[in-house]
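Trainee: Could you look at this predicted model? Sequence included:
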Amino acid sequence: MRLERNHIVIAAIVLCAAFVYQTAGRAQERPVVTLEMVDQWMEELSNWGRWGADDQLGAINLITPEKRRQAAALVKEGVSFSLSRDAETEKAVDNPSPFGHEMTRTGESLESNGSGDVFTISHHGYAHTHMDSLCHMFYNGKMYNGFSQQEAAANGCAKLHVNNYRNGIFTRGILMDIPRLKGVDYLEPGTPIYPEDLEAWEKQAGVKVSSGDVVFIRTGRWALREAKGPWQVSRLSAGLHASCARWLKQRDVAMLGSDAASDLMPSGVDGMTQPIHRLVLIAMGMPIFDNCDLELLSREANRLGRWEFALTAAPMSVPGATGSALNPIATF
């Protein structure tokens, strides 16, 4: 009996060693992404000129009338769920500029005949659900489609501003629930998501990303914050490895969304933060949804056994704006 147990222990050790060796081997085989590679991808993955020299919509052009009809046909149950985080009004390490809400009129006075309020929000960052327009980032002096970064001036952006999307986004949305793929509640900060993870999720969920889709990447950021409190997401965050940019282009994704800022932090590219943001916004012309709350969507999609849905979203109509707070809606 003791000999048999020893054989079992030895076999387990051998299997573990083999697994570690194979995993280490795969890690060593994964190429390091350099600034030079990102420069090359900025050209290889570019959509500049694809829809004309004056185009300001970018990859939203991929949302065709046919694609919208396809999205409408996804509505079976007739139930909708918000993908927006409730306004974060408390200052925290991941929210240095809290949402401001001030009442200007109240019902406390008997002379009052109504109530009113004022909002203040710095929507870019890692706290508030918002949309990045294509004028939000520059690379080597340029924005999407070759427009000069000087188009973004003190009085607003003359090109590529968020008001180009005032008619709204309506297409098929797909949730890629990477913690559920890994069998965990959330990804630990700094965990990279690779193209093979995205393809593994497609296989598990039985859905394939196609042209004109909006892809939402769940890392479990808000579940982790609920469990352990806020942390500096800008410095340490699970997210897409830079190598996922090519995958997004190959699938002709229209927009990218996540529960943080999509990018892996640290990025793994020496000398560059947020390579996904730069490649997506500038090279591909793909707007971004940041800081979506995907926890409710994750639970309901799992309950329904459906990971695709009709997505609707519309930014505020503000000419010249670099982005906008908004409330994306998933409808099954």
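Mentor: Now that the structure is in, tell me what you want to look at.
Trainee: pLDDT below threshold where in the chain?
Mentor: 1-29 (pLDDT under 70).
Trainee: Can you show me the helices along it?
Mentor: All helices of the chain, identified by DSSP state H, fall at 2-29, 35-44, 65-72, 178-182, 195-205, 221-228, 244-250, 275-278, 295-304.
Trainee: quick one: contacts of the last one?
Mentor: For helix 295-304, the surrounding residues in contact (CB atoms under 8 Å, 6 or more residues apart in numbering) are 77, 79, 81-83, 175, 177, 180, 216, 218, 220, 222-223, 259, 307, 309, 330, 332. All C-beta atoms are positioned from the backbone trio N, CA, C, and that covers glycine.
Trainee: What of the shortest one?
Mentor: Helix 275-278 is contacted by residues 33, 38, 42, 132, 137, 139, 239-240, 242, 244-245, 256, 261-264, 267, 269, 272, 288 when judged by CB under 8 Å, 6+ apart.
Trainee: Try it again at 7 Å.
Mentor: 38, 137, 139, 240, 242, 244-245, 261-263, 267, 269, 288 (CB atoms under 7 Å, 6 or more residues apart in numbering).
Trainee: Now do that helix: distance to the chain's middle.
Mentor: 11 Å (CA atoms, centre = their mean, to the nearest Å).
Trainee: Just the CA trace of that helix, in PDB.
Mentor: Only the C-alpha atoms of helix 275-278 are listed here, as PDB (Å, rounded to 0.1, in the frame of the first residue of the first chain):
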ATOM      1  CA  PRO A 275      -1.000  50.400 -26.800                       C
ATOM      2  CA  ILE A 276      -4.500  49.000 -27.400                       C
ATOM      3  CA  HIS A 277      -6.000  52.400 -26.900                       C
ATOM      4  CA  ARG A 278      -3.600  53.900 -29.400                       C
END
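Trainee: measure stretch 220-233 end to end?
Mentor: 12 Å (CA to CA, to the nearest Å).
Trainee: oh, I was asking about stretch 116-124
Mentor: Note: stretch 116-124 ends 25 Å apart using CA to CA.
Trainee: Just the ones of the contacts of helix 275-278 in strands?
Mentor: L240, I288 (DSSP state E).
Trainee: Between the contacts of helix 275-278, identify the one with the most neighbours.
Mentor: L240 (31 neighbours; other CB atoms under 10 Å).
Trainee: Which of the contacts of helix 275-278 sits closest to G190?
Mentor: S267 (10.6 Å; CB to CB).
Trainee: and the gap between the nearest residue to E44 once chain neighbours are set aside and V253?
Mentor: Spatial nearest neighbour of E44, excluding adjacent residues (CB to CB, 6 or more residues apart in numbering): R246 at 7.8 Å. Using CB to CB, to the nearest Å, we find R246 at a distance of 12 Å from V253.
Trainee: anything in contact with each of the two?
Mentor: Common contact partners of R246 and V253 (CB under 7 Å, 6+ apart): none.
Trainee: Those two: which is more packed in?
Mentor: Comparing R246 with V253 by neighbour count (other CB under 10 Å), the higher total belongs to V253, at 22 against 14.
Trainee: Surely the more buried one touches D213?
Mentor: Yes - with contact defined as CB atoms under 7 Å, V253 counts as touching D213 (5.8 Å).
Trainee: Understood, closing this out.
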